[in-house]
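Q: Build me a model from this:
(2 chains)
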Amino acid sequence: MSSSTLERSTGARPDLALPPLLSVEGLTKRYRSGDRVLEVLRGVDCELATGEFVAVVGQSGSGKSTLLHLMGLLDAADSGSVHLAGRRIDNLPGKERDRLRNTDIGMVFQAYHLLPELTALENVLAPLMVRHGIFAWFSVRAEAKRRATELLEQFGLGGRLQHKPRQLSGGEMQRVAIARALVGNPRLLLADEPTGNLDAETGAGILDVLCSLNRSAGLSIVLVTHDASIARRADRTVRLTAGRVETAH
Amino acid sequence: MYKLLLCWRYLRTRWIALASVVSVTLGVATMIVVNAVMAGFSHEMQTRIHGILSDLVFESHSLSGFQDPQWHMEEIRRAGGDDIEGMTPTVAVPAMLNFQIRGQWITRQVMLIGIDEATHASVSDFGRYLQHPANREQLSFDLRDGGYDTVDSQAGSGDPTRPALEAAGWPHRRMRVERERLWREKLDADQAAADALAGAAAEGPGNPVRPVDQQVDAVLAATASTTVSPLPEGEGTPAHDVASEQSSAMKDPFKAARPQEEGTRMDPAKEQFTGVVPGIGLASFRDSNGMDRFLTLPGDDVKITFPTAGTPPKAVSDTFTIVDFYESKMSEYDSNFVFVPIAALQRMRGMIDPHSGLVSVNSIQIKLRDGANLDEVRDRLRKAFPADLYAVASWRDKQGPLLAAVDMEMAVLNILLFLIIAVAGFGILAIFFMIVVEKTRDIGILKSLGARANGIAGIFLGYGLFLGIVGAGVGLALGLSIAMNINTIRIGVEWLTGERVFDPSIYYFFKIPTIIDPVTVTWIVAGAVGIAVASSVLPALRAARLHPVEALRHE
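A: Here you go, the predicted model:
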C-alpha cells in the first residue's frame, strides 16, 4: 500500500477497447426547496472503463457528490440513465438496486460512515451480513471473517480488529471503510472525498491504498475530490462545473 | 444477520429503551395479579352460589306449590332424559325466625326451606357445609350428642375459631334446661315465699288450687304428643328426674293454665322439637380476630313463623330445635336460608291433601350429569311445561345479576389495566422515534451497503419485539410470584403497617383466593408483546423510508 504513488504504469490499462464498465448519459437532477428549484446536474455524460481510475473534480456544489450518489444508486436521477457493464441499472426495482449496491459497488465516504456500535471487524463484515440471511450467515461466517481479517491486516489494522470506530484515528477509520467497501468483491469503488477529513500525510496514505488497489487488483474507481493534486493521481479527470461536464482529460 | 447484531448492540447501548418497558412490566404484573385474585374470588363465589343451589330449579309461581311431586319428577325425567342425574322436592317459603338471646326474643326474616334429608345431598353440596362431621356424611335432623367442629372445616387451617361449638348438641341442651330449671325454681321459691307471706296475712295457710293443678299436669304429661322426636338411644343421662321438673311446675299455679306448643308436654332435656338447620350467619358473627361468636347453638330452640298453604295464607308458628348450622360462605345464603325437614313443613303448612294423601311442593331441585348443557336442558324443560304454571331457572339465572356484575367488573378492570400497557406502548413509540433519529446516519450507511428497507424496519421491529419480550417476561415472573405468594405478602404488609389488609370477617375467607389461568396469562403476555411491537411499527417504517442520501448527510 505504500508503493510509490506518482509512478504510473501507462502500459496495459485501462482497457478502452472493452465496453465501459460504467456509463452515465444525460443525467439531470433537481432539488426543490420551497419555491426554488436547484438544478444540480444538467445532463452529465461520462464513462468509466474497466480498471480505470477516474477523478471527478469540481467546486463545492458543482454536483459531483450527487453524480456519485446516482452512480451508486443511492439516489434517483430525474432523467438520464446509468449503465453498469452494459446493463441499465437506474430503473431496476428497488430490491435489485439494493442487491447491486451490495455486490457490485463499494462506497467510501468523506466522513467514513462506520457503524459506531460495531467493531472494526464487524464493520467490515457488515456488507456480507447484509448479503446473507441469518441462517446462510453461519455457513459463510468463517470464510467471511477470514477475508475481512485479511483485508484489515493488509491495510495495517491487524491489531485493531476488535476496536470500536471511536477508538480509531481518522486514517484508520477510512482504511476500515475501504476494507468494508472491498470485502464483497465489488466491480466498482465509488469514493466521495475520502481524504477530505484527513491531514495531508494520512490522506496521501489513503490515496496510496486506492492507487495500489487500482493498479494491482484492477479495481475500477471513481473518486470525487475538489483537490486537483489528488485528481492528478487518477488516470483521467472529469471536471464538473455547474452540473455539466466541462472537459474530459 | 446484521439485523440481529445491530438489534443486540442497540439493546446493549440504549438502556433508556429498557426504562420504557418498565411500565410494560408493571402492567403485565398487575394484570396477572388482578386477574388471578378476581378469578379466585369469582370462583369461590360461584362455588358458594352453586353449592346451595342445584343446577336447575323447577318451581311453581305460587307458594302453595303443586301437587304430586313424584309425577312431576317423572315428567321432568322424560323431558330431560339422560342429562338428569338427581332430583329432590323442596318447599321454600318466606318465614320469621325467632330466637332468644339473654332472655330477649329477636326476630329475623328468613327463607324457610323444607328439604328431603335423604335425597337433598344428591343434588347440591349442601351437606358439605354442615358443622357436624356425621351430618356432612348424611344429614340428620336429630340433634347430635356433641362433636361439632370447632375448626372451620373449609378453611383448611388448624386453628379452632369456634370454641363455642365444643359444647353444642345435647350437652348444651341439657345444661340450658338445667339452668332454666334452677332459675325457675329460684323464682318459684321466691314467689312461694311471697305467696305464703301474703296468704298468711289474708286467708291463712294452704293453697286450695294446688291439687287441681297436679291432676291437670298429670293428664297432660300422659298425653304427650308423638310428634316429639324421641331421644336417641343411649344418649343423654337424666341430670334430674322428671318428678322434680313436674313438682317445680306444680309450684307455679299459672303454669298449667299456659298453653303449650301444639298442646304437647315434653322433657326438653331428653327430647327435641323438629330439627332445623339455620345458616351460620343468622346465628353468629365473626369478630375482628377472626373468631366466630355464636348467638345461639345447636340444642337451642327457636320459633319459626311461616304462612300456611291455601288462600289467604295464615301465619302459623312452631318450635324447632337447632341441630346444626350450614356455612356456604356466601353471606346472602348464610344469613337467609333455614332448612327443615320437608315432611314436617308440608304437614304444618297443610300441604298434604287429607283425601288423596298427595303432598304438594313448590319446587324441585334438579342436578344434571357432568358435562350436560345447563341452558339447553333448561330450555327443554321450559318447552315441556306450561310457563304460566311453572318456572325453570338455572343457578346462573338465579344469580344472574351478581355473576354479570362480577364479569363486567373484571372486563372493565382488564380494559383499564390494558390501557396502562397501551400507555407504555406510547413511551416505546416516543423513545423509538428518538432512536431512529439518532441512528439516521447508520440507517443511511446500511442502505448504502445494500440493506433493504424491510431489513431496516426489521431491526426496529425486532428491537421492539425483544423489549416487549423482556418487559412482559419480567412482568410475568413478577406477576406470578406475587399471585402465588399473595397471602405471604399480605401477612408481610399487615406486619409492616399494622393495618388489617384482608379482613376475614368481611370476606368469610381465611386467605385471598387466587386462580392463575394459563389462557389469561398467555393473552396478557401476548398482548403486551404485541403492543411493544405495534408501537415500534411507526418508527420502523420511518426508518425504512429514510432517503439514503439524506440519511447519510444527517448530522
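Q: And the longest helix anywhere in chain A, what's buried?
A: Longest helix in chain A, counting residues (DSSP state H): helix A:134-154. Neighbour counts over helix A:134-154 (16 or more other Cβ atoms under 10 Å in any protein chain shown) mark A:137, A:144-145, A:147-149, A:151-152, A:154 as buried. From N, CA and C alone the C-beta is placed, and that goes for glycine too.
Q: Pull out whichever of the residues you listed are also neighbours of chain B.
A: residue A:137 (Cβ under 8 Å from any Cβ of the partner chain).
Q: of the buried residues of helix A:134-154, closest to chain B?
A: residue A:137 (3.9 Å; Cβ to the nearest Cβ).
Q: hang on, that closest one packs against residue A:129?
A: Yes. Between residue A:137 and residue A:129 there is a contact under Cβ atoms under 8 Å: 6.3 Å.
Q: re earlier: return the longest helix of chain A as PDB; C-alpha atoms alone will do.
A: The C-alpha trace of helix A:134-154 is given here as PDB (Å, rounded to 0.1, in the frame of the first residue of the first chain):
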ATOM      1  CA  ILE A 134     -29.200 -15.300   9.400                       C
ATOM      2  CA  PHE A 135     -29.100 -19.000   8.500                       C
ATOM      3  CA  ALA A 136     -26.800 -18.600   5.500                       C
ATOM      4  CA  TRP A 137     -24.600 -16.400   7.600                       C
ATOM      5  CA  PHE A 138     -23.500 -19.200   9.800                       C
ATOM      6  CA  SER A 139     -22.200 -21.300   6.900                       C
ATOM      7  CA  VAL A 140     -20.200 -18.400   5.400                       C
ATOM      8  CA  ARG A 141     -19.200 -16.800   8.700                       C
ATOM      9  CA  ALA A 142     -15.700 -18.400   9.000                       C
ATOM     10  CA  GLU A 143     -14.800 -17.600   5.400                       C
ATOM     11  CA  ALA A 144     -16.100 -14.000   5.700                       C
ATOM     12  CA  LYS A 145     -14.200 -13.500   8.900                       C
ATOM     13  CA  ARG A 146     -11.000 -14.800   7.300                       C
ATOM     14  CA  ARG A 147     -11.400 -12.400   4.300                       C
ATOM     15  CA  ALA A 148     -12.300  -9.400   6.500                       C
ATOM     16  CA  THR A 149      -9.300 -10.000   8.800                       C
ATOM     17  CA  GLU A 150      -7.100 -10.500   5.800                       C
ATOM     18  CA  LEU A 151      -8.200  -7.100   4.300                       C
ATOM     19  CA  LEU A 152      -7.700  -5.300   7.600                       C
ATOM     20  CA  GLU A 153      -4.300  -6.900   8.100                       C
ATOM     21  CA  GLN A 154      -3.400  -5.900   4.500                       C
END
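Q: So what's the residue count around residue B:23?
A: 20 (other Cβ atoms under 10 Å in any protein chain shown).
Q: Also the one 5 residues further on?
A: Using other Cβ under 10 Å, residue B:28 has 31 neighbouring residues.
Q: ok, which stretches of chain A are helices?
A: Counting by DSSP H, the helices of chain A are A:64-71, A:94-103, A:120-131, A:134-154, A:170-182, A:200-216, A:228-231.
Q: helices or strands up against the last one?
A: Think helix A:228-231. strand A:53-58, strand A:220-225 (3 or more Cβ pairs under 8 Å, 6 or more residues apart in numbering or on different chains; DSSP states H and E).
Q: what comes up buried for it?
A: Applying 16+ other Cβ under 10 Å to helix A:228-231 flags A:230-231 as buried.
Q: for stretch B:400-418, same thing?
A: B:403, B:406, B:410, B:414, B:417-418.
Q: Next, format these as CSV and append secondary structure, distance to residue B:127 and pLDDT.
A: Listed next are the buried residues of stretch B:400-418 as CSV, based on DSSP: H, G, I helix; E, B strand; the rest coil; distance: Cβ to Cβ, whole Å; pLDDT from 0 to 100:
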residue, secondary structure, distance to residue B:127, pLDDT
B:403, helix, 24, 81
B:406, helix, 26, 83
B:410, helix, 31, 87
B:414, helix, 37, 88
B:417, helix, 40, 86
B:418, helix, 42, 85
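Q: which one of these is nearest chain A?
A: With Cβ to the nearest Cβ as the yardstick, the closest approach to chain A among the buried residues of stretch B:400-418 comes from residue B:418, at 33.0 Å.
Q: Check the gap between the residue nearest to that closest one when sequence neighbours are not counted and residue A:137 for me.
A: The shortest distance from residue B:418 to any non-neighbouring residue, by Cβ to Cβ, 6 or more residues apart in numbering or on different chains, is to residue B:527 (6.5 Å). Here residue B:527 is placed at a distance of 33 Å from residue A:137 (Cβ to Cβ, to the nearest Å).
Q: Please apply the same query to residue B:13.
A: Where residue A:137 is concerned, residue B:13 sits at a distance of 22 Å (Cβ to Cβ).
Q: Next: residue B:356.
A: 92 Å.
Q: looking at chain A, which helix or strand is least sure?
A: strand A:244-248 (a mean of 73; mean pLDDT, DSSP states H and E).
Q: What is the burial count for residue 85?
A: The chain I'm using is chain A. Counted with other Cβ under 10 Å, residue A:85 comes out at 15.
Q: wait, I meant chain B there
A: Neighbours of residue B:85 using other Cβ under 10 Å come to 15.
Q: just residue B:111 next, same as before
A: With other Cβ under 10 Å as criterion, residue B:111 counts 16.
Q: what's the answer for residue B:463, then?
A: With other Cβ under 10 Å as criterion, residue B:463 counts 26.
Q: so it makes contact with residue B:537?
A: No. If you go by Cβ under 8 Å, residue B:463 and residue B:537 don't touch, sitting 11.5 Å apart.
Q: so residue A:162 makes contact with residue A:120?
A: Yes. Judged on Cβ under 8 Å, residue A:162 makes contact with residue A:120 at a distance of 7.3 Å.
Q: Backbone dihedrals for the closest residue to chain A within the stretch 401-550 of chain B, please?
A: Residue nearest to chain A within the stretch 401-550 of chain B (Cβ to the nearest Cβ): residue B:450, separated by 2.6 Å. With angles defined as degrees, to the nearest 10, residue B:450 sits at phi 100, psi 10.
Q: how far away is it from residue A:222?
A: Following Cβ to Cβ, the distance that separates residue B:450 from residue A:222 is 18 Å.
Q: These two: which is more packed in?
A: Using other Cβ under 10 Å as the criterion, residue B:450 and residue A:222 rank with residue A:222 on top: 27 against 23.
Q: centroid residue for chain B?
A: residue B:330 (2.1 Å; Cα atoms, centre = their mean).
Q: for that residue, what are its contacts?
A: Residues near residue B:330 by Cβ atoms under 8 Å, 6 or more residues apart in numbering or on different chains: B:45, B:48-49, B:51-52, B:508.
Q: Tell me how far it lies from chain A.
A: Noted for residue B:330: a distance of 58 Å to chain A, by Cβ to the nearest Cβ, to the nearest Å.
Q: Distance check, residue B:514 against residue B:421.
A: Counting by Cβ to Cβ, the gap from residue B:514 to residue B:421 is 21 Å.
Q: Could you check how many residues crowd around the residue of chain A found nearest chain B?
A: Distances between chain A and chain B by Cβ to the nearest Cβ are smallest at residue A:102, namely 2.6 Å. With neighbours defined by other Cβ under 10 Å, the count for residue A:102 comes to 20.
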